[in-house]
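# Quick one, what's the 3D model for this:
(one chain, ligands or ions: 1)
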Amino acid sequence: MTEKPYLDFYAKQGARLVSRDVEDTDKFFRARESLYIALGIAPGFLRGKTVIEFGPGTGHNALYTDWLGPSRFVLVDGGPDILAASKERLVTNGSHLVEREFICSLFDDYNSMELFDFVIAEGCIPNQTNPVDLFKKMQRFVKPGGLMLFTTVSSVSWLSEMLRRLAKNRIISLEMSEEEQVNLMVSKFEDHFDTLKNMARTPEEWILDNLFQPHAEGKFFTIPDALNSLSNEFIVSGTIPTYFQDWTWYKDVAHSNIERNAKLVEAYFSNMLNFVDRRLINPTHSQELGKQVEEIASDVWSQVCRIEKGEVDLWDEIFESLTQLSLLISSEALQTSKSIDEAVKWIRGGLQDKRLLYFPSWWGRGQQHVCICRRQV
Ligand SMILES: C[S@@+](CC[C@H](N)C(=O)[O-])C[C@H]1O[C@@H](n2cnc3c(N)ncnc32)[C@H](O)[C@@H]1O
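This is a model prediction of the structure:
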């Protein structure tokens, strides 16, 4: 039987992997508020409105949405324990005024005629078997004039994680227990985590979720995947990070939403080097370079997946692709290029060298948040 993305792994690991450390509620709510505002969702907008959240996990983010006072809040998740944890959190800490419904269901099986002012799908569309179809299905629940918030991930924004995954594949042996494997990786990546501020999970949880969770059947879901699939009914209201500069006078409206969304896709490709490395803010470059970078990173991901399926003689091919990528970006993003070279050398040598200068602090832009608005009509 094929593995159900996220659900089978989380059922084995328990709800802890989708849990977050939010002890400082004030700081957490401020982060959520600034995310919402940047995406075009004024906090007061949700008061008295209806909301549906797909894949709420253990409900940490949902607590902020709940606090904004919607009249009705539907939460759909296929993990029974995860959903139970989310219910417990919202019933104990949420507002008494919100009518909530918790639905344990696969996204594919959820059906309803109800439309919502706000649809949320955070961290649950990428890695599905058919992300674009799922995205289109979820859009259907947005009321005319309403909003949908979702997240995207690309082979480029996830390249640094991909290399850490490759490092894991290089040294773990199946004779080791899972705990021994995780502990080994924690020791290898200790200095990497030291460079990450505001981690909301332990290194063990991060490693299990990102390096051990099976992804080989899943797909990335990129900003172009999402925006190119949108009909003229939807327009982007914001993205985080905000990679798009728009100096258009407000009266000079685009002929169609499709035309406007297409500009965001073009800007995505000419900002590719900013998605690959969060340490840098590079000037824009040619779209052609962005497309080439994404193509090589996607090839690397297919090679990683094949290694994880047991093809052992792919290592030279994968190191060659990475070296080609490093060369391609060396004149525009030298620090990233050096990080790739160093990672390749380290992984090739079995993770022995301890004095790494570039790789430990290299993290990509991971997931991006996007918000779209449905035309009022
Ligand atoms: C990675 S977690 C994201 C949690 C939270 N939204 C966040 O951003 O931190 C994905 C969530 O989606 C749920 N999920 C994933 N695929 C699903 C599917 N096909 N049907 C129903 N639930 C699913 C998982 O149980 C989990 O709670």
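# So what would you say the end-to-end distance of stretch 201-211 is?
14 Å (C-alpha to C-alpha, to the nearest Å).
# Just the buried positions in that stretch, please.
The neighbour-count check on stretch 201-211 (16 or more other C-beta atoms under 10 Å) flags 201, 203, 205-211 as buried. Quick note: C-beta positions are derived from backbone N, CA and C, even for glycine.
# Among the residues you listed, name the ones in helices.
203, 205-207 (DSSP state H).
# residue contacts, Asn271?
By C-beta atoms under 8 Å, 6 or more residues apart in numbering, Asn271 lies in contact with 243, 282, 284, 290.
# Let me know the closest of those residues to the ligand.
Among those, Tyr243 lies closest to the ligand (C-beta to the nearest ligand atom), at 20.4 Å.
# Chain neighbours aside, what residue packs nearest to the closest one?
Asn271 (4.5 Å; C-beta to C-beta, 6 or more residues apart in numbering).
# and the one you found, what pLDDT?
Per-residue pLDDT puts Asn271 at 97.
# mind checking how far it is from the ligand?
Asn271 sits 23 Å away from the ligand when distances are taken as C-beta to the nearest ligand atom, to the nearest Å.
# Near the ligand, which residues of the stretch 201-350 of the chain? Just list them.
Counting by C-beta under 6 Å from any ligand atom, no position of the stretch 201-350 of the chain is adjacent to the ligand.
# quick one, helices of the stretch 201-350 of the chain?
For the stretch 201-350 of the chain, helices defined by DSSP state H, counting those that start in this stretch occupy the ranges 203-207, 223-228, 257-269, 272-276, 287-308, 315-329, 334-348.
# most tightly surrounded among the ones you listed?
Stretch with highest mean neighbour count among the helices of the stretch 201-350 of the chain: helix 272-276 (a mean of 26; mean count of other C-beta atoms under 10 Å).
# helices and strands around that one, which ones?
Counting contacts by 3 or more C-beta pairs under 8 Å, 6 or more residues apart in numbering; DSSP states H and E, helix 272-276 is packed against helix 287-308.
# The helix it packs on - contacts with which helices or strands?
helix 159-171, helix 257-269, helix 272-276, helix 315-329.
# what about 6 Å?
helix 159-171, helix 257-269, helix 315-329 (3 or more C-beta pairs under 6 Å, 6 or more residues apart in numbering; DSSP states H and E).
# okay, the ones you listed in JSON lines with distance to Tyr36 next?
Listed next are the helices and strands packed on helix 287-308 as JSON lines, based on distance: least, C-beta to C-beta, whole Å:
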{"stretch": "helix 159-171", "distance to Tyr36": "26"}
{"stretch": "helix 257-269", "distance to Tyr36": "19"}
{"stretch": "helix 315-329", "distance to Tyr36": "33"}
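# so which of the ones you listed comes closest to Leu356?
Across the helices and strands packed on helix 287-308, the minimum distance to Leu356, taken as C-beta to C-beta, is reached by helix 159-171, at 11.0 Å.
# That closest one and the ligand, any residue contact?
No. Residues of helix 159-171 are not located near the ligand by C-beta under 6 Å from any ligand atom, the shortest gap being 13.7 Å.
# tell me which residues in that helix are buried?
159-168.
# Quick one: name whatever helix or strand follows the helix or strand of the chain with the lowest mean pLDDT.
Between all helices and strands in the chain, the lowest mean by mean pLDDT, DSSP states H and E belongs to helix 7-13, at a mean of 90. Downstream of helix 7-13, the first helix or strand assigned by DSSP states H and E is helix 25-38.
# Do any residues in the next helix or strand along the chain from that following helix lie close to the ligand?
Heading C-terminal from helix 25-38, the first helix or strand you meet, by DSSP H and E, is strand 50-54. No. If you take C-beta under 6 Å from any ligand atom as the test, strand 50-54 misses the ligand, and the best it gets is 6.9 Å.
# For the chain, give me the ranges with low pLDDT.
In the predicted model of the chain, residues 1, 216-218 satisfy pLDDT under 70.
# can I see the domain layout of it?
7-154+219-233+367-374, 159-216+278-361 (automatic domain parsing).
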